[in-house]
Each structure stands twice: as structure tokens, then as C-alpha cells.
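Participant: I'll drop the sequence and a predicted model, then ask my questions.
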Amino acid sequence: MLVELDEARLARLAEPDVAAALAAVGVEVPDPASADLDELAAEFHGAFLQPTSGGAPPVASLWTEGRFEGDAAARVRELAKSAAVDFDGVEARGAPIDHVGSLLHLWAATVERAPWVAEELAGVHIAAVAPALERVASTPDFYGQVARAVLGLRVALEGAASPEEA
């Protein structure tokens, strides 16, 4: 979600173990031999960078404050620092630090070393971009499948962060 698919990334996703893991969460990897990378790039751009309909990209500050680099971005930086994770533009692949792809990357980096950070990321910041993901999830294309998988992951992360009493 941080970068569009190119030939190398698509080949990696098509490797049997990766493709099987993605299939398990409902994402069908396009066939590298027949995929139209230009079409996938346009889908990525419209879904995650500059949507032309249905709202903003999946950046928490945009959805909570209507602007880039808002309080949500500042809080994500604080969370990374509190977990002793050096999380800057390189780790975020040049995306805003509060872009859903960046948030998922930071969640993975903190889930074991700083579970309180992972919990807030899942319950607050990733949850904030759910409307953007729901918009993308309504499409049948590859990135719609990815958005549906991330929405399912978000629900699982929130459930893991606050388990119900049995």
C-alpha cells in the first residue's frame, strides 16, 4: 500500500508462499505474465494517492482533521519514539507517516516490542482511515481486495488489543 506494484514487487507477491498467504485473506495476486502494470499503477494512484471520488487518501490526519501533517501525524511520531523505533520517511517509503501503509508498517515494528503503541495504532490511527479503505474495498480490482484484507486485519487487530471477557 505504500508503493505501486512494479515487475519485481509483483513477482515477489506471486511467489507461492506469499500468494498463498494473500489468497488466505482474499487477495488474488495478478498473474505477472499478463498483468497490465500501467492499469495497476492507475488503480493504485486512484485508491491510495489521489482518489477522484469518495474522499481523501487513507491518511489519518486527512480523515480526522482535513489536512496533512496534523495532530495524528505528530502522535504517530511520538508513538514511534516511545517505542524506540526510528520511523521516518525512509521507513514510510516516502508516504505520510500516518498513511495506512505506514501505520501498518509501524504496527508490525511495535507489536512485540511496544504493545501499547501497536494497540493505539490499531484502535485509533488505523481505525481513522477505515472510511477510505471502505471506499477502496467497494471496487472489485486488486487494490479493492487489498483494502478488504486490511479492513479485516484492522478488526482482528482491534479484537486482539481489547479481548472481550469470556
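Facilitator: The structure has been received and is ready for your questions.

Participant: longest helix anywhere in this structure?
Facilitator: If you go by DSSP state H, the chain has its longest helix at helix 142-161.

Participant: List of residues touching that one?
Facilitator: For helix 142-161, contacts defined as CB atoms under 8 Å, 6 or more residues apart in numbering pick out 1, 5, 22, 25-30, 40, 43-44, 47-48, 100, 104, 107, 118-119, 122-123, 126-127, 130, 133-134, 136-139. Heads up, the C-betas are built off the backbone N, CA and C, glycines and all.

Participant: Can you report phi and psi for I126?
Facilitator: For I126, the backbone dihedrals are phi -70, psi -40 (criterion: degrees, to the nearest 10).

Participant: tell me what the helix or strand harbouring A132 is packed against?
Facilitator: Using DSSP states H and E, A132 falls within helix 130-137. Counting contacts by 3 or more CB pairs under 8 Å, 6 or more residues apart in numbering; DSSP states H and E, helix 130-137 packs against helix 142-161.

Participant: Helix 130-137 and the helix it packs on, what's the angle between them?
Facilitator: Counting by axes from the mean of the first three to the mean of the last three CA atoms, to 10 degrees, helix 142-161 points 140 degrees away from the direction of helix 130-137.

Participant: Determine which residue lies closest to the centroid of the chain.
Facilitator: In the chain, the centroid-proximal residue (CA atoms, centre = their mean) is G101; its distance is 3.2 Å.

Participant: before we move on, back to that, can you tell me which of the contacts of helix 142-161 are buried?
Facilitator: The neighbour count (16 or more other CB atoms under 10 Å) marks 1, 5, 22, 27, 29-30, 40, 43-44, 47-48, 100, 104, 107, 118-119, 122, 126-127, 130, 133, 136-137, 139 as buried among the contacts of helix 142-161.

Participant: Can you pull the poorly scored residue ranges out of the protein?
Facilitator: 1, 53-54, 88-94, 159-166 (pLDDT under 70).

Participant: how about the helices in it?
Facilitator: 7-14, 16-24, 37-44, 60-65, 71-82, 100-110, 115-120, 127-128, 130-137, 142-161.

Participant: just the angle between the fifth one and helix 100-110, please?
Facilitator: By that I understand helix 71-82. Interaxial angle of helix 71-82 relative to helix 100-110 (the same axes, to 10 degrees): 20 degrees.
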